[in-house]
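> Sequence plus the predicted model coming up.
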Amino acid sequence: MSKKNKKSKKLKLPLAYKPLGLALSWAGGALAGLAFQQTWKAIRHEEDAPDALDRDRGWGEVLLAAALQGAIFAVARSAADRTSAKAAERSTGVWPISDKGARDGGD
């Protein structure tokens, strides 16, 4: 593949990559929410996790729920990002983000 052809392919890739990334991020977020609910039920045997503004819950419960939720969402986002990037690379032959460690479409 010529340099010019490869460069034009790289310029077009972010547009093709964004819908795939968005769809997988949405699905990953939905799955992360379900995973968090199930994990909270398993840990605390309660339907609902505490909210930060829930007066009847203590600091420990609120912070545990927040940390657990954050960890689950971070794993889900990373899995969705990686899956969409690998799919884009398989279909186009080009990694979708040129900068190492770039996130959210940054170049």
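Okay, I see it.

> Show the low-confidence segments of this protein, by residue range.
Scanning the chain for pLDDT under 70 picks out 1-16, 99-107.

> Centre-most residue in it?
Arg77 (1.4 Å; CA atoms, centre = their mean).

> Report the separation between Ser91 and Ser84.
In this view, Ser91 and Ser84 are 11 Å apart by CB to CB, to the nearest Å. From N, CA and C alone the C-beta is placed, and that goes for glycine too.

> of these two, who's got more company?
Between Ser91 and Ser84, Ser84 has the larger neighbour count (other CB atoms under 10 Å), namely 21 against 12.

> Identify each buried residue in stretch 80-95, please.
Residues of stretch 80-95 classed as buried by neighbour count (16 or more other CB atoms under 10 Å): 80-81, 84-85, 88, 94.

> Which one of the residues you listed is nearest to Asp54?
Minimum distance to Asp54 across the buried residues of stretch 80-95 is 29.3 Å, recorded for Ala80 (CB to CB).

> hang on, the closest one packs against Gly28?
Yes: applying CB atoms under 8 Å, one finds Ala80 in contact with Gly28, separated by 3.3 Å.

> Stretch 46-62: end-to-end distance?
Taking CA to CA, to the nearest Å, the first and last residues of stretch 46-62 lie 13 Å apart.

> Give me the buried positions along that stretch.
49-50, 62.

> Sort out which one of those residues lies nearest Phe73 for me.
Using CB to CB, the buried residues of stretch 46-62 come closest to Phe73 at Ala49, 12.8 Å.

> now that closest one: how far from Ala66?
9 Å.

> now Ala27
Counting by CB to CB - Ala27 and Ala66 are separated by 23 Å.

> Equivalent analysis for Ala76, please.
Ala76 is 16 Å from Ala66, by CB to CB.

> would you turn the buried residues of stretch 80-95 into TSV with distance to Ala71 and secondary structure?
Below are the buried residues of stretch 80-95 laid out as TSV (distance: CB to CB, whole Å; DSSP: H, G, I helix; E, B strand; the rest coil):
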residue	distance to Ala71	secondary structure
Ala80	15	helix
Asp81	16	helix
Ser84	21	helix
Ala85	21	helix
Ala88	26	helix
Val94	32	coil
